[in-house]
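Engineer: Starting from these lines, generate the structure:
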Amino acid sequence: MTGSEGRSPAHPRHPHRQAASDRVATAVVTVSDTRTLETDTGGALVESLLETADQPVTGRRIVPDEPEAIREALRSLLSEGSARAIVFTGGTGVAPRDLTPDTLEPELDRSIPGFGELFRMLSYEEIGSAALLSRALAGLVQGRVVFVIPGSRGAVKLAMEKLILPELGHLTAEAIKTRSEPSESR
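Structural biologist: Residues are numbered from 1 along each chain as shown. Okay, here's the model as predicted:
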(Lines give C-alpha, C1' and ligand atoms only; values in the text may rest on other atoms or scores of the structure.)
Protein backbone atom coordinates (compact mmCIF):
# COMPACT_ATOMS: atom_id res chain seq x y z
CA MET A 1 0.00 0.00 0.00
CA THR A 2 1.49 3.27 -1.03
CA GLY A 3 0.29 6.82 -1.13
CA SER A 4 -3.36 7.00 -0.15
CA GLU A 5 -4.18 3.31 -0.78
CA GLY A 6 -5.61 1.66 2.30
CA ARG A 7 -6.92 4.92 3.69
CA SER A 8 -10.62 5.35 3.99
CA PRO A 9 -12.03 7.68 1.31
CA ALA A 10 -13.58 9.65 4.17
CA HIS A 11 -10.07 10.31 5.49
CA PRO A 12 -7.97 11.61 2.59
CA ARG A 13 -4.31 12.37 3.12
CA HIS A 14 -4.30 15.40 5.41
CA PRO A 15 -1.62 18.06 4.73
CA HIS A 16 0.01 17.46 8.11
CA ARG A 17 0.62 13.86 7.00
CA GLN A 18 2.94 14.92 4.18
CA ALA A 19 6.00 13.67 6.11
CA ALA A 20 4.48 10.20 6.42
CA SER A 21 6.59 7.46 4.90
CA ASP A 22 4.98 5.08 2.43
CA ARG A 23 7.34 2.24 3.50
CA VAL A 24 8.11 1.49 7.14
CA ALA A 25 10.52 -1.27 8.14
CA THR A 26 8.68 -3.38 10.72
CA ALA A 27 9.67 -6.30 12.94
CA VAL A 28 7.21 -8.94 14.16
CA VAL A 29 7.49 -10.65 17.56
CA THR A 30 5.13 -13.39 18.69
CA VAL A 31 4.94 -14.01 22.43
CA SER A 32 4.05 -17.65 23.04
CA ASP A 33 5.21 -20.71 24.96
CA THR A 34 3.64 -23.06 22.42
CA ARG A 35 4.09 -21.57 18.94
CA THR A 36 6.93 -22.11 16.50
CA LEU A 37 7.54 -20.15 13.29
CA GLU A 38 5.72 -22.96 11.47
CA THR A 39 2.64 -22.94 13.75
CA ASP A 40 2.45 -19.20 14.46
CA THR A 41 -0.50 -18.24 12.28
CA GLY A 42 -1.02 -14.82 13.94
CA GLY A 43 2.58 -13.65 13.43
CA ALA A 44 2.56 -15.09 9.90
CA LEU A 45 -0.58 -13.05 9.16
CA VAL A 46 1.05 -9.85 10.47
CA GLU A 47 4.02 -10.50 8.19
CA SER A 48 1.80 -11.33 5.21
CA LEU A 49 -0.37 -8.23 5.64
CA LEU A 50 2.73 -6.02 5.93
CA GLU A 51 4.22 -7.52 2.78
CA THR A 52 0.93 -7.24 0.88
CA ALA A 53 0.88 -3.56 1.87
CA ASP A 54 4.44 -3.19 0.50
CA GLN A 55 5.85 -2.66 3.98
CA PRO A 56 9.30 -4.22 4.53
CA VAL A 57 9.54 -6.83 7.28
CA THR A 58 12.92 -6.76 9.01
CA GLY A 59 12.38 -10.07 10.77
CA ARG A 60 10.02 -12.29 12.67
CA ARG A 61 10.70 -14.14 15.90
CA ILE A 62 9.02 -16.07 18.69
CA VAL A 63 9.75 -15.44 22.37
CA PRO A 64 8.33 -17.25 25.41
CA ASP A 65 5.73 -15.70 27.73
CA GLU A 66 8.47 -14.56 30.10
CA PRO A 67 8.99 -10.88 30.99
CA GLU A 68 12.76 -10.95 30.50
CA ALA A 69 12.46 -12.66 27.08
CA ILE A 70 9.86 -10.07 25.99
CA ARG A 71 12.01 -7.15 27.20
CA GLU A 72 15.10 -8.65 25.56
CA ALA A 73 13.28 -8.94 22.21
CA LEU A 74 12.36 -5.25 22.41
CA ARG A 75 15.87 -4.17 23.45
CA SER A 76 17.47 -6.30 20.76
CA LEU A 77 15.27 -4.83 18.03
CA LEU A 78 15.89 -1.31 19.29
CA SER A 79 19.66 -1.82 19.28
CA GLU A 80 19.63 -3.39 15.81
CA GLY A 81 18.02 -0.19 14.60
CA SER A 82 16.57 -1.50 11.33
CA ALA A 83 12.90 -1.51 12.42
CA ARG A 84 10.95 1.74 12.68
CA ALA A 85 7.97 -0.19 14.05
CA ILE A 86 7.60 -3.38 16.07
CA VAL A 87 4.44 -5.47 16.27
CA PHE A 88 4.16 -7.84 19.24
CA THR A 89 1.39 -10.45 19.03
CA GLY A 90 0.12 -12.62 21.85
CA GLY A 91 -0.10 -12.48 25.60
CA THR A 92 -2.58 -9.60 25.74
CA GLY A 93 -5.45 -11.30 27.57
CA VAL A 94 -6.14 -11.61 31.28
CA ALA A 95 -4.80 -15.12 31.93
CA PRO A 96 -1.88 -15.35 34.38
CA ARG A 97 0.62 -16.07 31.54
CA ASP A 98 -0.56 -13.04 29.49
CA LEU A 99 2.28 -10.69 30.42
CA THR A 100 3.07 -8.82 27.21
CA PRO A 101 1.31 -5.51 28.06
CA ASP A 102 2.53 -5.57 31.68
CA THR A 103 6.09 -6.11 30.48
CA LEU A 104 6.17 -3.61 27.62
CA GLU A 105 4.10 -0.71 28.98
CA PRO A 106 6.83 0.37 31.46
CA GLU A 107 9.35 0.31 28.59
CA LEU A 108 7.38 2.89 26.57
CA ASP A 109 8.58 6.49 26.47
CA ARG A 110 5.01 7.55 25.59
CA SER A 111 1.78 5.63 25.26
CA ILE A 112 -0.79 5.96 22.49
CA PRO A 113 -4.00 5.24 24.44
CA GLY A 114 -6.26 5.71 21.43
CA PHE A 115 -4.87 2.56 19.82
CA GLY A 116 -6.13 0.22 22.54
CA GLU A 117 -9.36 2.14 22.89
CA LEU A 118 -10.11 1.96 19.17
CA PHE A 119 -9.03 -1.67 18.93
CA ARG A 120 -11.43 -2.68 21.70
CA MET A 121 -14.25 -0.61 20.16
CA LEU A 122 -13.76 -2.22 16.75
CA SER A 123 -13.37 -5.63 18.36
CA TYR A 124 -16.62 -5.12 20.29
CA GLU A 125 -18.40 -4.57 16.98
CA GLU A 126 -17.13 -7.99 15.84
CA ILE A 127 -17.15 -10.17 18.97
CA GLY A 128 -19.24 -8.34 21.55
CA SER A 129 -18.38 -7.92 25.20
CA ALA A 130 -15.46 -10.39 25.07
CA ALA A 131 -13.52 -7.44 23.58
CA LEU A 132 -12.99 -6.12 27.10
CA LEU A 133 -10.53 -8.99 27.74
CA SER A 134 -8.02 -7.49 25.30
CA ARG A 135 -5.23 -5.36 26.69
CA ALA A 136 -3.92 -4.24 23.28
CA LEU A 137 -1.74 -1.14 23.46
CA ALA A 138 0.70 0.99 21.51
CA GLY A 139 3.38 3.51 22.27
CA LEU A 140 6.73 5.00 21.38
CA VAL A 141 10.19 3.83 22.42
CA GLN A 142 13.32 5.61 21.22
CA GLY A 143 11.51 7.05 18.22
CA ARG A 144 9.98 3.71 17.22
CA VAL A 145 6.33 2.73 17.28
CA VAL A 146 5.48 -0.42 19.27
CA PHE A 147 2.16 -2.22 18.92
CA VAL A 148 0.97 -4.97 21.27
CA ILE A 149 -1.95 -6.93 19.81
CA PRO A 150 -3.66 -10.25 20.45
CA GLY A 151 -2.33 -13.25 18.54
CA SER A 152 -5.59 -14.61 17.13
CA ARG A 153 -5.94 -14.27 13.36
CA GLY A 154 -9.19 -12.31 13.69
CA ALA A 155 -7.64 -9.81 16.08
CA VAL A 156 -4.50 -9.52 13.95
CA LYS A 157 -6.55 -8.84 10.82
CA LEU A 158 -8.65 -6.23 12.63
CA ALA A 159 -5.67 -4.42 14.18
CA MET A 160 -3.57 -4.49 11.03
CA GLU A 161 -6.24 -3.54 8.48
CA LYS A 162 -8.22 -1.00 10.50
CA LEU A 163 -5.54 0.67 12.61
CA ILE A 164 -1.90 -0.22 12.05
CA LEU A 165 -1.54 -0.22 8.27
CA PRO A 166 -3.59 2.95 7.68
CA GLU A 167 -1.51 4.90 10.24
CA LEU A 168 1.91 3.20 10.13
CA GLY A 169 3.67 5.83 8.02
CA HIS A 170 2.01 8.71 9.82
CA LEU A 171 2.82 7.35 13.29
CA THR A 172 6.45 6.64 12.48
CA ALA A 173 6.92 10.12 11.00
CA GLU A 174 5.37 11.71 14.08
CA ALA A 175 7.54 9.55 16.39
CA ILE A 176 10.74 11.17 15.09
CA LYS A 177 9.41 14.64 14.45
CA THR A 178 11.46 17.34 16.14
CA ARG A 179 9.94 20.29 17.87
CA SER A 180 10.39 23.52 15.99
CA GLU A 181 11.00 26.62 18.02
CA PRO A 182 8.25 29.21 17.69
CA SER A 183 9.40 32.34 16.01
CA GLU A 184 9.33 35.46 18.08
CA SER A 185 6.90 38.08 16.93
CA ARG A 186 7.73 41.69 17.45
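
Engineer: For this structure, which segments are assigned as helices?
Structural biologist: 41-52, 67-80, 100-104, 113-127, 153-158, 165-175 (DSSP state H).

Engineer: tell me the angle the fourth one makes with helix 165-175.
Structural biologist: For helix 113-127 against helix 165-175, the angle between stretch directions is 170 degrees (axes from the mean of the first three to the mean of the last three Cα atoms, to 10 degrees).

Engineer: for helix 113-127, the distance to its chain's centre please.
Structural biologist: Computed by Cα atoms, centre = their mean, to the nearest Å, the chain-centroid distance of helix 113-127 equals 14 Å.

Engineer: for it, packing partners?
Structural biologist: strand 137-141, helix 153-158 (3 or more Cβ pairs under 8 Å, 6 or more residues apart in numbering; DSSP states H and E). Where C-beta positions appear, they are placed from N, C-alpha and C, glycine not excepted.

Engineer: picking that back up, in TSV, list the helices of the chain along with mean neighbour count, distance to residue 140 and mean pLDDT.
Structural biologist: Putting the helices of the chain into TSV (neighbours: other Cβ atoms under 10 Å; distance: least, Cβ to Cβ, whole Å; pLDDT from 0 to 100) gives the following:
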stretch	mean neighbour count	distance to residue 140	mean pLDDT
helix 41-52	20	19	98
helix 67-80	16	11	98
helix 100-104	22	12	98
helix 113-127	16	11	98
helix 153-158	19	21	98
helix 165-175	21	5	95
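
Engineer: Can you check which of these gets nearest to residue 28?
Structural biologist: Closest approach to residue 28 among those (Cβ to Cβ): helix 41-52, 4.9 Å.

Engineer: That closest one to helix 165-175, inter-axis angle?
Structural biologist: On the basis of the same axes, to 10 degrees, helix 41-52 is oriented at 80 degrees to helix 165-175.

Engineer: Can you tell me what sits against helix 41-52?
Structural biologist: With contacts defined as Cβ atoms under 8 Å, 6 or more residues apart in numbering, helix 41-52 is touched by 1, 26, 28-30, 35, 37, 56-57, 60, 62, 87, 89-90, 150-153, 155-157, 160-161, 165.

Engineer: ok so, going back, just put the helices of the chain in CSV and tack on distance to residue 133.
Structural biologist: Rendered in CSV, the data for the helices of the chain read as follows (distance: least, Cβ to Cβ, whole Å):
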stretch, distance to residue 133
helix 41-52, 16
helix 67-80, 19
helix 100-104, 12
helix 113-127, 9
helix 153-158, 11
helix 165-175, 24
